[in-house]
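# sequence plus the predicted model coming up.
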Amino acid sequence: MSSATLLLIASSLLGVAVGFSPASPSLRTGSSPRSGLQLRGNGVPLPRVNQRTTLLMAAPKIIISGAPASGKGTQCEFIVDKFQTVHISTGDALRDQVKKGTELGKLAQGYMEKGALVPDDVMIGIVKDRLAADDCKAKGWLLDGFPRTGVQAEAMAKAGIEADKFILLNVPDATLIERCVGRRSDPETGKIYHLTFNPPPEDAEVLARLVHRADDTEEAMGSRIKMYNANVEAVKGYYKSITKEFDGVGDKHELASKIASFISE
């Protein structure tokens, strides 16, 4: 066998060794560090199973928690914009199941029509069903304000629902009340504004349809804060290894940057 032939074979083998690097994927450049993966190498494609595993690892699974008016909604917008994850509100997921007339939706509607709370097992079923959707599998998910209790967190664990990151926003009670009293929501877009901190646009049509929720009062907010404080420690206990707590007071953009860094770790 000629020396040229031997050199060609050796170069080919070396190229495969260098190109086949499933353990060291590099992130595709772009605004989102998790928007996709581009494998290094000399053009040698990775086996299909490794490409699929890498893409699944790239889809973040996030839970964000905090008291009412702690700024979860605002930070969810930043997270979705940067990481392109699917934002999931349990209220939206519940209404979607009811609208579609699914078995879970019918169960939930029965309780709602009686003015009763939807049981945890039904809510867990709805959440699990939503997280199993194709968009969540492909992009990852951001679960907003759920679980709220230790019982719900335990039920999620038993259902096999696991997160990568647990974000907790801490805001003093007095600040929460101040934020809540001035809060207004747009029922058409779902956006939440604050008359002082995050005023709505100077648009007569938008201003006319803004709603001040009946429970956005100092008294009602006090009760909601007490309920949150009574449950938050139990919830945190299930996510100790993946939790990071953030000061929810201050510049929202700086906070978003810190949260993004945590998610990217």
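Looks like it arrived, so ask away.
# F246 should be in a strand, yeah?
Yes - per DSSP: H, G, I helix; E, B strand; the rest coil, F246 lies within a strand segment.
# for T243, see how far away T85 is.
18 Å (C-beta to C-beta, to the nearest Å). For every residue, glycine as well, the C-beta is placed using N, CA and C.
# looking only at neighbour counts, state which of these two leads.
It is T85, of T85 and T243, that has more neighbours when counted by other C-beta atoms under 10 Å, with 24 against 18.
# touching, the more buried one and A58? I think so.
No - T85 lies out of contact with A58 (C-beta atoms under 8 Å); the separation is 10.9 Å.
# can you check which residues contact both of those two?
G140 (C-beta atoms under 8 Å, 6 or more residues apart in numbering).
# show me the strands in the stretch 101-250 of the chain, by range?
141-144, 165-170, 183-185, 192-194, 243-247 (DSSP state E, counting those that start in this stretch).
# nearest to T90, of the ones you listed?
strand 141-144 (7.6 Å; C-beta to C-beta).
# what packs against that closest one?
Under the contact criterion of 3 or more C-beta pairs under 8 Å, 6 or more residues apart in numbering; DSSP states H and E, strand 141-144 touches strand 61-66, helix 72-83, strand 86-89, helix 120-131.
# of those, flag the one that's most buried.
strand 61-66 (a mean of 23; mean count of other C-beta atoms under 10 Å).
# who touches stretch 240-257?
For stretch 240-257, using C-beta under 8 Å, 6+ apart, the contacting residues are 66, 70-71, 74-75, 78-79, 82, 163-172, 175, 236, 258-259, 262.
# and what of stretch 161-173?
60-67, 69-72, 75, 124, 127-128, 131, 143, 179, 222, 225, 232, 236, 239, 242-249, 259, 262-263.
# show me the shaky parts of the stretch 101-250 of the chain.
Across the stretch 101-250 of the chain, not a single residue meets the criterion (pLDDT under 70).
# which stretches of it form helices?
103-113, 120-131, 134-139, 150-158, 173-181, 204-209, 218-236 (DSSP state H, counting those that start in this stretch).
# residue contacts, the closest residue to M112 other than its chain neighbours?
Leaving out its chain neighbours, the residue that sits closest to M112 by C-beta to C-beta, 6 or more residues apart in numbering is V118, at 6.6 Å. For V118, the contact set (C-beta under 8 Å, 6+ apart) comprises 94, 108, 111-112.
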